[in-house]
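Trainee: Got a sequence here, can you build the structure:
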Amino acid sequence: MACSGASAASRSRSTCNSARPFSRHAAFPTVLCKWSERICRQCGNLDRLSTVLGSQAVILEAQGDSRGALLLHKESEQICRQLGNLDGLQSTLENQALVAYGLGELSDAMALHSEAEE
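Mentor: This next block holds a predicted model:
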C-alpha cells in the first residue's frame, strides 16, 4: 500500500475520536482506526500513529477493555517519548491515569497524573 493513504488516515482521525460504542455501527470506528494504524505503520508516520493508538485506546475503554486501552496508551507514550512530542506525552499520560484510576490502581494513577503535570 502506498503512503498516499496517510492522508486518508488523517481524515479518519475525527471518526476514530468520535466513536459511539453503543450505536448500531459500533464496529466501524474500530475498523477504521485499525486501518489507519496499519497505514501509519507502513508509512512510518509515528506522530499520526501515536494519535490513532490513543483513539483506539479510548474506544477500547468505552467498550470495557481497560487493560487493552492501557496497552495502547503505553505504546502511544513510547512513541511520544521517541519523537519528543511533549503535548502528546502529556495527553497519553493523563489518559493512562484515568484508566488506572478506573481500574482501582490509585497509586499508579497518581504517579501518572504527577508525571503528566511536570
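Trainee: so what secondary structure elements neighbour the helix or strand Leu112 falls within?
Mentor: Using DSSP states H and E, the element containing Leu112 is helix 106-117. If contacts are counted by 3 or more CB pairs under 8 Å, 6 or more residues apart in numbering; DSSP states H and E, helix 106-117 sits against helix 86-102. The C-beta positions use only the backbone N, C-alpha and C, and glycine is treated the same way.
Trainee: The helix it packs on versus helix 106-117: what angle between them?
Mentor: Here the directions of helix 86-102 and helix 106-117 differ by 160 degrees (axes from the mean of the first three to the mean of the last three CA atoms, to 10 degrees).
Trainee: buried sites along helix 86-102?
Mentor: For helix 86-102, a neighbour-count test (16 or more other CB atoms under 10 Å) marks Gly88, Leu89, Ser91, Thr92, Leu93, Glu94, Asn95, Gln96, Ala97, Leu98, Val99, Ala100 as buried.
Trainee: and the helix holding Leu112, what's its mean pLDDT?
Mentor: Averaging pLDDT along helix 106-117 yields 95.
Trainee: which outside residues touch that helix?
Mentor: Residues outside helix 106-117 that contact it (CB atoms under 8 Å, 6 or more residues apart in numbering) are Leu89, Gln90, Leu93, Glu94, Gln96, Ala97, Leu98, Ala100, Tyr101.
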